[in-house]
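# Sequence and predicted structure are below.
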Amino acid sequence: MEGLEISEILKSDLEYSGRIDSEYYRKHLLSFENQVCKNIYSSLDSVANFLIGPFGSAFNTENYVDNGEYRYVRGQDVKPFILKDGENRFVPFDDFERLKKYALKEKDILVSVVGTLGNACIVQTKDLPAIFSCKSTVIRTSGINPVYTLTFLNCKYGRELLIRKERGAIQKGLNLDDLKTILVPIYSDSFQKTIEKAFYIAQDKLTESKLLYNKAENLLLETIGLNNFQPNTDPVNVKSFKDSFGSTGRLDAEYYQKKYEEVVSHITKQKYDRLANIVNIKKSIEPGSDAYSDEGLPFIRVSDYNKFGLSEPDKKLAPSFCKENAALLAELKPKKETILFSKDGSVGTAYMLRSDKDFITSGAILHLTVKDKKQIIPEYLTLALNSKLVQMQAERDAGGSIILHWRIGEIENVVVPIIDYKKQEQIAALVDESFSLKKQSEQLLEKAKRAVEMAIEQNEQKALEFIYS
């Protein structure tokens, strides 16, 4: 029996569900549950109401639009603490009205219950109006602060006890009845409000961060004279064979829309260069699903990042795979100032790393490193790649497919404006300040989580001393 973990549970202590799977009674989970029960606590269904989302068949996915007023919150949009912003989907007014019983309200807590399990975020005014999918469940608190509840569900105790409730083998999920049984420690109103205050200060910093990033984007567009650019909507563009297929190898009409010509023409009338001359491009690997594991080396896919940062990846590479491919993986771990750049799916998303990273990216993500930082500042280049200047080139090259794919040969030929170095420095400074505020926001959320953990482990007073330190 040496090396085995054993927990002994009386039949009378089994939950209503009668769960007898050994993973449910791991020692650290029992310890976490006992720790929560040392305080005043309540089951979640005693302090909240629940709403499950509509089945997917309730929507016609062909009606989804990229821009609109009525947001459709997917399971993949639910991230820790806040809803993912970017690549949002929207539904027409008629669909929203038909399904308005699934309309979200401010301070609703969304928990992902299919796919990536256990992410919990809160709905804010900026996210509304919106409805949600069956891949999430709404928790509407009553008699307990929703932001405090959210913070508990994101701290190590809440998250572990939440994930503990998962069921299923191949397709895992969280059932509503199981969610209702989660135990929540109850502290004073003043403590709960202190946690809430920390959350909103963090959100203010995040909002300021995004405003600074937008200011940097606008400065770039103003510098090259495209701040008031309106894409040409003329559907007709006449081309000779020589100027079309003869030079590009493309026959699809969408490629030759005038709006793409106009933006490229504007860039090339100023100082510019091809991306291949600016950066070194390194490809990563696609190890295949057999290499995935619940534990191991983090594996970043396109869905795990956007221009504002990285999220916790769903997939990891198994220790056995990492051991067999140690030399290759060591070469592929990205270094500080590497720009991650997506070529498949959501093409053209750029994010610059601000430190060396111990993870591997998928083959859909290229690693770009600036050749001459005395000519091009990496922060400036990253912002330029995310701007509509490059995004329209990505749309032109990769358009027309169900799953977008941007060929490396096309990426190498992307034209990038080379603006005055001092202007680049101004843009880089705004971007740096933006990401500094974002980091402060993340640190505040981590501090709020840790304060809740300290209240559970020690007492409320120690937690308050920590959060005010």
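Happy to help now that I have it. Quick caveat, the model's predicted, so the values are computed rather than measured.

# Output the below-cut-off pLDDT ranges for the stretch 301-450 of the chain.
399-402 (pLDDT under 70).

# Just give me the neighbour total for residue 52.
15 (other C-beta atoms under 10 Å). Just so you know, the C-beta spots here come from the backbone N, C-alpha and C atoms, and that holds for glycine as well.

# scratch that, residue 279
Neighbours of residue 279 under the rule other C-beta under 10 Å: 25.

# May I have the residues that are in contact with it?
Residues near residue 279 by C-beta atoms under 8 Å, 6 or more residues apart in numbering: 339, 368-371, 381.

# ok, and the closest non-adjacent residue to it?
Closest residue to residue 279 apart from its sequence neighbours, by C-beta to C-beta, 6 or more residues apart in numbering: residue 368 at 4.2 Å.

# Next one: the one you found relative to residue 72, how far apart?
33 Å (C-beta to C-beta, to the nearest Å).

# next one: residue 284
For residue 284, the distance to residue 72 - C-beta to C-beta - is 31 Å.

# neighbour-wise, which of those two wins?
Comparing residue 284 with residue 72 by other C-beta under 10 Å, the one with more neighbours is residue 72, at 23 against 20.

# Quick check on the more buried one: phi, psi?
phi -110, psi 110 (degrees, to the nearest 10).

# do the same with the one 4 residues further on
With angles defined as degrees, to the nearest 10, residue 76 sits at phi -70, psi -10.

# Tell me the pLDDT of it.
Looking at residue 76, its pLDDT stands at 87.

# Please list all residues in contact with it.
Residue 76 neighbours (C-beta under 8 Å, 6+ apart): 84, 115-116, 135, 303.

# now, among these, which is nearest to residue 406?
The closest of the contacts of residue 76 to residue 406 turns out to be residue 303 (C-beta to C-beta; 16.2 Å).

# hang on, isn't the closest one packed against residue 344?
No. Using C-beta atoms under 8 Å as the test, residue 303 is too far from residue 344 to be in contact (11.0 Å).

# shared neighbours of these two, anything?
Shared contacts of residue 303 and residue 344 (C-beta under 8 Å, 6+ apart): none.

# By neighbours, which of the contacts of residue 279 wins?
residue 381 (26 neighbours).

# thought that residue was touching residue 417?
No. In this structure, residue 381 is not within contact of residue 417 by C-beta under 8 Å, at 10.3 Å.

# quick revisit: any idea which element the residue nearest to residue 279 lies in?
Using DSSP states H and E, residue 368 sits in strand 365-370.

# What helices and strands are in contact with that strand?
Here strand 365-370 touches strand 279-282, strand 339-342, helix 378-386, going by 3 or more C-beta pairs under 8 Å, 6 or more residues apart in numbering; DSSP states H and E.

# same thing but 6 Å
Using 3 or more C-beta pairs under 6 Å, 6 or more residues apart in numbering; DSSP states H and E, the elements in contact with strand 365-370 are strand 279-282, strand 339-342.

# now that strand against helix 378-386, angle please.
130 degrees (axes from the mean of the first three to the mean of the last three C-alpha atoms, to 10 degrees).

# re the thing from before, separation between the residue nearest to residue 279 and residue 43?
Plainly put, residue 368 is 50 Å away from residue 43 if you go by C-beta to C-beta.

# rewinding a little: which of the helices and strands packed on strand 365-370 sits closest to residue 174?
Closest among these, once you apply C-beta to C-beta, is strand 339-342, at 29.8 Å.

# C-terminal to the closest one, what's the next element?
strand 350-352.

# Just after that next one, pick out the following helix or strand.
Downstream of strand 350-352, the first helix or strand assigned by DSSP H and E is strand 360-361.

# What strands flank that next one, and is each parallel or antiparallel?
strand 297-300 (parallel) (DSSP bridges).

# which residue ranges form the helices in the stretch 301-450 of the chain?
Using DSSP state H, counting those that start in this stretch, the helices found in the stretch 301-450 of the chain span residues 319-324, 326-332, 378-386, 388-398, 408-412, 421-457.

# Which other helices and strands does the longest one contact?
To tie it back to what came earlier, the one meant is helix 421-457. Short answer (3+ C-beta pairs under 6 Å, 6+ apart): helix 421-457 packs on helix 146-154, helix 189-223, helix 378-386, helix 460-467.

# Compute the inter-axis angle for the first one and helix 421-457.
Counting by the same axes, to 10 degrees, helix 146-154 points 90 degrees away from the direction of helix 421-457.

# Make TSV out of the helices and strands packed on strand 365-370 and add distance to residue 96.
TSV is the format used below for the helices and strands packed on strand 365-370 (distance: least, C-beta to C-beta, whole Å):
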stretch	distance to residue 96
strand 279-282	43
strand 339-342	30
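
# And the nearest residue to residue 114 once chain neighbours are set aside, how close does it get to residue 121?
Once flanking residues are discounted, residue 114 sits nearest to residue 135: 4.2 Å by C-beta to C-beta, 6+ apart. Distance, residue 135 to residue 121, using C-beta to C-beta: 13 Å.

# okay, the two: which has more neighbours?
residue 121 (24 against 21).

# Residues contacting the helix or strand hosting the more buried one, please?
Assessed by DSSP H and E, residue 121 sits inside strand 120-122. Outside strand 120-122, the residues that touch it by C-beta atoms under 6 Å, 6 or more residues apart in numbering are 78-79, 81-83, 109-111, 150, 153-154.

# could you redo the last one with a cut-off of 8 Å?
78-83, 107-112, 146-147, 150, 153-154, 158-159, 162.

# Just the buried residues from those residues, in PyMOL please.
Selecting only the buried members of those in PyMOL, with burial defined as 16 or more other C-beta atoms under 10 Å, works like this:
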select buried, resi 78+79+80+81+82+83+107+108+109+110+111+112+146+147+150+153+154+158+159+162
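
# Keep only those of the contacts of strand 120-122 that are in helices.
146-147, 150, 153-154, 158-159, 162 (DSSP state H).
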